[in-house]
Each structure stands twice: as structure tokens, then as C-alpha cells.
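Visitor: got a structure for you, letters missing:
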């Protein structure tokens, strides 16, 4: 049995790609559920502690990290935003300096203005 659980949309399927969302991230259901035809009286799960609790704990932690990734680091966005702001200020300064200054013509004084 190759039943797979899509980790993106939680669809159960048996293909390489999820038929709903075309994702390739999946987990085999046999990790959590033992098929009923494979169970016998000798291989039935026992109600006790698992044989390797440390290994199971590491697996559970790994799945938890996959399903709930840590929050993104905002420091990189701040640095990139600051660099972009400085670049824009530098560009504005270059444009400001390259613009020709307006030429002021001297004002002509007439006899009427002199009175």
C-alpha cells in the first residue's frame, strides 16, 4: 500500500504528485497507520512505551518544523530596504546636481521705475 498524505493540501493519494495541488511534498501514511491486512495477533501494536522514544521524538520534531517553519528574519528586509533607500537618495542627488541652474536675466531699470 502506497497511500501518501500531501503535506500542502492534506489530500490522500497514491501518485508521485498530488492530484489536487500538484505538490511533491508528501508523507507515507504507513508511518502512522498500519494497514489492517498486515496486522496479526503477534504484530498488533502493544499499549506501552515505544521501543525508541528518542528517535520518535526527533521524527515528531522534524515534522513539526516542516509543517510550522520558524518566522522569517526581518533583519534582511530592513537591510535591503535601507540600501535601496540610500541608492534612491544618491540617485536623486545626482539628478539634482546635473539639472542646469536657471539663468536669471538682469532686470532692466526704466525711468518710470526709478521714480
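Guide: Structure received. These numbers come from a predicted model, not from an experiment.

Visitor: Name the helix or strand for the spatially most central residue of the chain, please.
Guide: Closest residue to the average C-alpha location of the chain: residue 72 at 7.1 Å, with Cα atoms, centre = their mean. Residue 72 is part of no helix or strand when elements are defined by DSSP states H and E.

Visitor: any idea how far it lies from residue 92?
Guide: From residue 72 over to residue 92 the distance is 30 Å, taken as Cβ to Cβ, to the nearest Å. For every residue, glycine as well, the C-beta is placed using N, CA and C.

Visitor: And the strands in this structure?
Guide: All strands of the chain, identified by DSSP state E, fall at 4-6, 12-13, 26-28.

Visitor: Residue 28 bridge partners, please.
Guide: The bridge-partner assignment for residue 28, based on DSSP bridges, gives residue 4.

Visitor: OK, contacts around it?
Guide: 2-5 (Cβ atoms under 8 Å, 6 or more residues apart in numbering).

Visitor: Closest to residue 13 out of these?
Guide: Among the contacts of residue 28, residue 4 lies closest to residue 13 (Cβ to Cβ), at 5.8 Å.

Visitor: Please report the number of neighbouring residues for the closest one.
Guide: When counting by other Cβ atoms under 10 Å, one arrives at 18 neighbours for residue 4.

Visitor: Is it in contact with residue 10, as I believe?
Guide: No. Proximity of residue 4 to residue 10 does not meet the contact threshold set by Cβ atoms under 8 Å, at 11.1 Å.

Visitor: hey, what's in contact with both of these two?
Guide: Contact criterion Cβ under 8 Å, 6+ apart; no residue bridges residue 4 and residue 10 by contacting each.

Visitor: what stretches of this protein score poorly on pLDDT?
Guide: 1, 37-55, 109, 111-115 (pLDDT under 70).
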